[in-house]
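> Next comes the sequence, and after it the predicted model I'd like to discuss.
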Amino acid sequence: MSRINTNVPSLIAQRVLGQNTFALGTALERLSTGLRINRGKDDPAGLIASQNLRAEKAALQQAINNAERADQVVNIAEGGLEEIASLLNELQALVTETANSAGLSVEERLASQLQIDSVLQTIDRVAAATSFQGLKLLNGNLDYSIESVSANVESFRVNGAKLNYGETLSVDVLVVASAQVGGFFLSFGANNLNLGGPSDSDGASESFVLEIAGPNGSRELSFASGTQLSDVAAAINSFVAVTGVRATVSGTTGIRLESTGFGSDQFVSVKIVDDGAIGTASNIGIYNLQAQDANAADTSSSVDFADATNRITDSGQDISATINGITATTRGTLARISTDFLDIEVDLAYDTASANANAARLGTVNALTITGGGADFQLASRVDIAGRVSLGIQNVAVRDVGRTIVDVSGTPSTFLLKDLGTGRELNVVDGNLDAAQKVIETTIREISSLRGRLGAFQKNTIGATIRSLGISFENTTAAESVIRDTDFADETAQLTRAQILVASTTNVLAISNTQPQSVLQLLG
């Protein structure tokens, strides 16, 4: 059958040629772009999945950049703290040198004080100058904003707290066991030492000799008959820095001995070397302090002085508490928790006269309210509270560091590093050098603790985060590549096939277009 009005074979060849040309164009596009999906029609579902993965990749890469930026911020803070640590070492040496007063002239002590003043000023300058792109790092700018601090809180430090936008966080401490000092009540039955036995009724030749020991050391003291209890307490307190034990006259019949600090590492030991034949009346002897009220003696625990020739010891007790429902790690009156959402230390006051809960009493303390502040680092690809890490960096100026409670002749006094300055109580010309060194030691521990916390943040938080995000980025990239990238081996084969088919179809089209010409032969 020969028809020329409609060339069906040509139409078929044109259609097939169009298909093959499209396949060739697709193969060329995929090979030139390296992508299997270049537009939605290539693979609608694959396009959606790959775009989601691309968004995740972008967020992961930025999270890695954020972590690296956080590392640089902490590096700068660490640099400032390292310099402050060196200055504190210099302070330690100056105070120790000046304590050698017999070998120094007044001029040398004054020169040392000038150096100390210079060091204190430099510490303040470093604290104010350490910055990252104008953001001050060590002046308290990255500390937390605190309100409603309870009178029962002696001190606190917020190391980290996560807050949602606009919210505040209340910190409540539940005291379930009070902090205690180590101590005894020595009852003499009178307001002075009435020594003497049957052979020496006036006690003139008798001495009351006791050895007192505490966490710092021990001393043996001897008292003559008739010595007033106030003088006995004063003598004991003159060695409070050596023993770590203070004495107070309690009522008119006895002396209360207690450790200068609270907690299980504090203790008081008493050994009677010679009781001076003081007697064994019912109200004379050594009493323990009550377990839940260290201001009162346990009247059922009497030990005669004559029976205390072997050392008897009473240890203190750490507070037991929870903070916002989480069991706290405690030492003395200090309680701390460290979680992903709250890292805080609270040192409760010890006020037995207070009607409210504190370290001496069981109950809840509404310690403080965190209203904001701190340094927030976005270290996850998803922006939410779980993906942020919060860090508090306290002010390291001399007016805010080195807080130390020092017993001065039995009276606790609070000092800061600034008190080493000229004209202050701990200056090295005529001040208390013992207390000065304790303040410096406390400051060194604070700065070292802050450096250690920042170092742990860099090593364990930032370092681990960068490694974890790197692996996630690799896996996400691989998943996106599987969906969207061109398989060059397969696509090259498709290109070769399409090229052959286009060439073949072109030849077939040419043949189909010339085939109707054979009909002319029928026309003669």
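Arrived safely.
> any idea how far residue 158 is from residue 348?
16 Å (Cβ to Cβ, to the nearest Å). For the C-beta atoms, the positions are set from N, CA and C on the backbone; glycine is no exception.
> ditto for residue 307
Using Cβ to Cβ, residue 307 is found at 37 Å from residue 348.
> Of the two, which one has the most company?
Set side by side, residue 307 and residue 348 show more neighbours around residue 348, with 29 against 14, by other Cβ atoms under 10 Å.
> Leaving out chain neighbours, which residue sits closest to the more buried one?
Once flanking residues are discounted, residue 348 sits nearest to residue 359: 3.8 Å by Cβ to Cβ, 6 or more residues apart in numbering.
> next one: residue 480
Closest residue to residue 480 apart from its sequence neighbours, by Cβ to Cβ, 6+ apart: residue 53 at 3.9 Å.
> Could you point out the helix or strand that follows the one helix or strand that neighbour maps to?
Using DSSP states H and E, residue 53 maps to helix 44-98. The helix or strand immediately downstream of helix 44-98 is helix 106-129, counting by DSSP H and E.
> returning to what we had before: if I look at the residue nearest to residue 348, how far off is residue 334?
On the measure of Cβ to Cβ, residue 359 and residue 334 end up 9 Å apart.
> joint contacts of the two?
Shared contacts of residue 359 and residue 334, defined by Cβ atoms under 8 Å, 6 or more residues apart in numbering, comprise 319, 348.
> Surely residue 113 touches residue 428?
Yes - Residue 113 is within contact range of residue 428, at 5.3 Å (criterion: Cβ atoms under 8 Å).
> Between the two, which is the more surrounded one?
The residue with more neighbours, out of residue 113 and residue 428, is residue 428; 24 against 21, by other Cβ under 10 Å.
> separation between the residue nearest to residue 488 when sequence neighbours are not counted and residue 278?
With Cβ to Cβ, 6+ apart as the criterion, residue 488 has its nearest non-adjacent residue at 6.9 Å, and that residue is residue 31. With distances taken as Cβ to Cβ, residue 31 is found 107 Å from residue 278.
> These two: who's more crowded?
Neighbours of residue 31 and residue 278, each counted by other Cβ under 10 Å, are more numerous for residue 278; the result is 25 against 15.
> and that one, what is it in contact with?
For residue 278, the contacting residues are 188, 193, 194, 195, 208, 284, 305, by Cβ under 8 Å, 6+ apart.
> What residue, apart from its backbone neighbours, is nearest residue 146 spatially?
residue 368 (5.3 Å).
> So what touches stretch 150-167?
Residues outside stretch 150-167 that contact it (Cβ under 8 Å, 6+ apart) are 143-144, 146, 149, 169, 333, 338, 340-351, 354, 356-359, 365-368, 370, 372, 374, 385, 388-392, 394, 403, 453.
> Mark which of those are buried, thanks.
The neighbour count (16 or more other Cβ atoms under 10 Å) marks 143-144, 146, 169, 333, 342-350, 357-359, 365-368, 370, 374, 388-392, 394, 403, 453 as buried among those.
> Beta-bridge partners for the closest residue to residue 328 other than its chain neighbours, please?
Nearest non-adjacent residue to residue 328, counting by Cβ to Cβ, 6+ apart: residue 335, 3.9 Å away. Beta bridges link residue 335 to residue 330, residue 346, judged by DSSP bridges.
> and residue 335, what is it in contact with?
Residues in contact with residue 335 (Cβ under 8 Å, 6+ apart) are 173, 319, 321, 323, 328, 329, 345, 346, 347, 348.
> so the residue nearest to residue 488, which of the three states?
helix (DSSP: H, G, I helix; E, B strand; the rest coil).
> low-confidence ranges in the stretch 401-524 of the chain?
Residues of the stretch 401-524 of the chain that meet the criterion pLDDT under 70 lie in 407-411, 524.
> Then the chain?
Across the chain, the ranges flagged by pLDDT under 70 are 1-4, 197-204, 292-294, 352-356, 407-411, 524.
> And the helices in this structure?
Here the chain has its helices, by DSSP state H, at 8-33, 44-98, 106-129, 229-237, 240-243, 433-456, 463-484, 488-514.
> now the angle between helix 433-456 and the longest one, please.
Using axes from the mean of the first three to the mean of the last three Cα atoms, to 10 degrees, the interaxial angle of helix 44-98 with respect to helix 433-456 works out to 160 degrees.
> quick one: helix 44-98 to helix 463-484, angle?
Orientation check (the same axes, to 10 degrees): helix 44-98 against helix 463-484 gives 170 degrees.
> next one: the third one
Between the direction of helix 106-129 and that of helix 463-484, the angle (the same axes, to 10 degrees) works out to 20 degrees.
> What residues does the residue nearest to residue 488 make contact with?
Counting by Cβ under 8 Å, 6+ apart, residue 31 touches 486, 488, 491, 492, 495.
> Mind doing that once more with 7 Å?
Residue 31 makes contacts with 486, 488, 491, 495, as judged by Cβ atoms under 7 Å, 6 or more residues apart in numbering.
> Can you tell me the number of residues neighbouring residue 53?
Residue 53 has 20 neighbours, counted by other Cβ under 10 Å.
> isn't it right next to residue 476, touching?
Yes - under the criterion of Cβ atoms under 7 Å, residue 53 makes contact with residue 476 at 5.6 Å.
> Give me the distance between residue 341 and residue 373.
For residue 341, the distance to residue 373 equals 15 Å [Cβ to Cβ].
> actually residue 301, sorry about that
As defined by Cβ to Cβ, residue 301 lies at a distance of 49 Å from residue 373.
> what about the two, which has more around it?
Ranked by neighbour count (other Cβ under 10 Å), residue 301 and residue 373 place residue 373 first, with 18 against 15.
> can I assume that one is in contact with residue 145?
Yes - judged on Cβ under 7 Å, residue 373 makes contact with residue 145 at a distance of 4.1 Å.
> And the protein, what are its domain boundaries?
Domains of the chain are assigned by automatic domain parsing as 8-34+486-523, 183-315.
> quick one: terminal-to-terminal distance for the first one?
Spelled out, it's domain 8-34+486-523. The first residue of domain 8-34+486-523 is 22 Å away from its last residue (Cα to Cα, to the nearest Å).
> mind listing what the longest strand seen in the chain pairs with, with the direction of each?
For the chain, the longest strand by residue count, based on DSSP state E, is strand 363-373. In the sheet, strand 363-373 lines up against strand 144-147 (antiparallel), strand 169-177 (antiparallel) (DSSP bridges).
> now what about the longest one, what contacts it?
By Cβ under 7 Å, 6+ apart, the residues outside strand 169-177 that reach it are 161, 163, 319-324, 335, 344, 346, 348, 357, 359, 361-370.
> and the residue nearest to residue 418 when sequence neighbours are not counted, how many neighbours?
Residue nearest to residue 418 in three dimensions, not counting chain neighbours: residue 398, with 4.4 Å by Cβ to Cβ, 6+ apart. For residue 398, the number of neighbouring residues by other Cβ under 10 Å comes to 22.
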